[in-house]
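**Student:** Dropping the sequence and predicted coords here.
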Amino acid sequence: TVGRAGSLAPLGDAGEALVGNKETARALVDAAEAKLADDADELDYGARLAAALVALKLEDYDRADKLFTAALETDEAKPAEVYVNWGLELFMANQYRRAAEVFERGLEKEALSEENPAIFFYLAGALEMSGRTDAAIGITCYLDIRAEHCGVEICFTWIGKPHQGTAVNPECKYLLFRHA
């Protein structure tokens, strides 16, 4: 189901047909919003998430935001999955400012782990693409920490354009190696 997968993929061809028919897709989003307004308990996590994902496909970002927020309010919600899927879907739709806000909200609410470097990679990319480079200098992190062999790799590095060619990258690497 959509709730377990966190995407419309389990719907297969039927999901593609639904999203392809804008009128039907809008009707589904309308029905979900009406149900939330009338009796929110009747609309489970999977249905809220599905409606949010359909609203995203319709490029109706305000309604998608409301439906994702509603999905997060259910007991069976998987907050980390919701924030990551929501943010990445927005990123892929070139909605970088919104994607950054979603990742920031997930971190603020402690639904996204600060121990997961991918979250900061996504956030840094969204900040850079939305022109908020003053908020994101860059990111670099460890990978494959092998304490038994005293080994570590540097995973990836992304440095925002204004900081490329400056002391930021060498200083980051120095600090990583010094604290490894």
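**Tutor:** Now that the structure is in, tell me what you want to look at. Numbers count the residues shown, from 1 in each chain.
**Student:** helices or strands up against the helix or strand encompassing W158?
**Tutor:** Assessed by DSSP states H and E, W158 sits inside strand 151-159. When contacts are defined as 3 or more Cβ pairs under 8 Å, 6 or more residues apart in numbering; DSSP states H and E, strand 151-159 packs onto helix 117-129, strand 138-146, helix 168-179. Heads up, the C-betas are built off the backbone N, CA and C, glycines and all.
**Student:** tilt between it and helix 168-179?
**Tutor:** In terms of direction (axes from the mean of the first three to the mean of the last three Cα atoms, to 10 degrees), strand 151-159 departs from helix 168-179 by 160 degrees.
**Student:** how about the helices and strands packed on strand 151-159 in CSV, adding distance to Y83, mean pLDDT and mean neighbour count?
**Tutor:** Shown next, in CSV, are those (distance: least, Cβ to Cβ, whole Å; pLDDT from 0 to 100; neighbours: other Cβ atoms under 10 Å):
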stretch, distance to Y83, mean pLDDT, mean neighbour count
helix 117-129, 9, 81, 20
strand 138-146, 18, 74, 14
helix 168-179, 26, 79, 12
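**Student:** which stretch among the ones you listed comes nearest A80?
**Tutor:** helix 117-129 (9.0 Å; Cβ to Cβ).
**Student:** Specify which residues of the chain, grouped into ranges, have pLDDT under the cut-off.
**Tutor:** 133-136, 180 (pLDDT under 70).
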